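Asker: Okay, here's the prediction I keep looking at, along with the sequence it came from:
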Amino acid sequence: MTAEPATGRGRTQQRPALPRTVLPRTVLRRAAFGLLAATAINLALYATGRLVGAALSLDPAIGPPNHHLTAFDVAWKTFVPLSLGVGVLLLARLRSRAWVSAVMVLGAAVAVSTGAVPPLYAHDGITAVLLAGMHTVPGVALVWIGLAVRRASRRR
């Protein structure tokens, strides 16, 4: 005599598989936290620069000289590009883990390489160091978010 399954119908119930376009909540939480944390860290770096007396000005290659950084500049120039990077990660997730890995590497490379340019135009050394750090933070955040996206992506 065999025991009857808990459903009472002679078969066990299985959860339906989530469609590949549905993201686990952990990925969405990590993406939201990563975006907000990277923005907050960059704003903290900006505030630190103001406290220690950094010029927070630079002469960009394109645009008028003596551009003074504001908190709004720092916030949107962190949040928007990182949001776009996360969007590309989520699109790459639909292809495969390899695509997610490639986007992570490319995003980190872009963040680090763009971090080398603004310090060349900074008015003082403290601003140069802060700008390099501010460009590195979103790259680290993108990789951190990408690890969760990669874990949740298709296995190919």
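Answerer: Yes, it's here.
Asker: rest of the way, CA atoms for contacts and neighbours
Answerer: Will do.
Asker: Now do the helix or strand of the chain with the lowest mean pLDDT: everything it contacts.
Answerer: Within the chain, no helix or strand scores below helix 118-121, which has a mean of 85 by mean pLDDT, DSSP states H and E. By C-alpha atoms under 8 Å, 6 or more residues apart in numbering, the residues outside helix 118-121 that reach it are Leu58, Asp59, Pro60, Ala61, Gly125, Thr127, Ala128, Val129, Leu131, Ala132.
Asker: got a winner among these for most neighbours?
Answerer: Leu131 (26 neighbours; other C-alpha atoms under 10 Å).
Asker: Quick one: residues contacting that one.
Answerer: Gly115, Pro118, Pro119.
Asker: and which of the residues you listed is nearest Val22?
Answerer: Within the contacts of Leu131, the smallest distance to Val22 is 33.9 Å, found for Gly115 (C-alpha to C-alpha).
Asker: Okay, and which of the contacts of helix 118-121 map to helices?
Answerer: The helices, defined by DSSP state H, take in Gly125, Thr127, Ala128, Val129, Leu131, Ala132 from these.
Asker: Of those, just say which sits nearest to Ser101.
Answerer: Nearest to Ser101 out of the ones in helices among the contacts of helix 118-121 is Ala132 (C-alpha to C-alpha; 23.9 Å).
Asker: residue contacts, the closest residue to that closest one other than its chain neighbours?
Answerer: Counting by C-alpha to C-alpha, 6 or more residues apart in numbering, Gly115 is the residue found nearest to Ala132 once chain neighbours are left out, at 4.6 Å. By C-alpha under 8 Å, 6+ apart, the contact list for Gly115 reads Leu131, Ala132, Gly133, Met134, His135, Thr136.
Asker: which stretches of the chain have low pLDDT?
Answerer: 1-21, 154-156 (pLDDT under 70).
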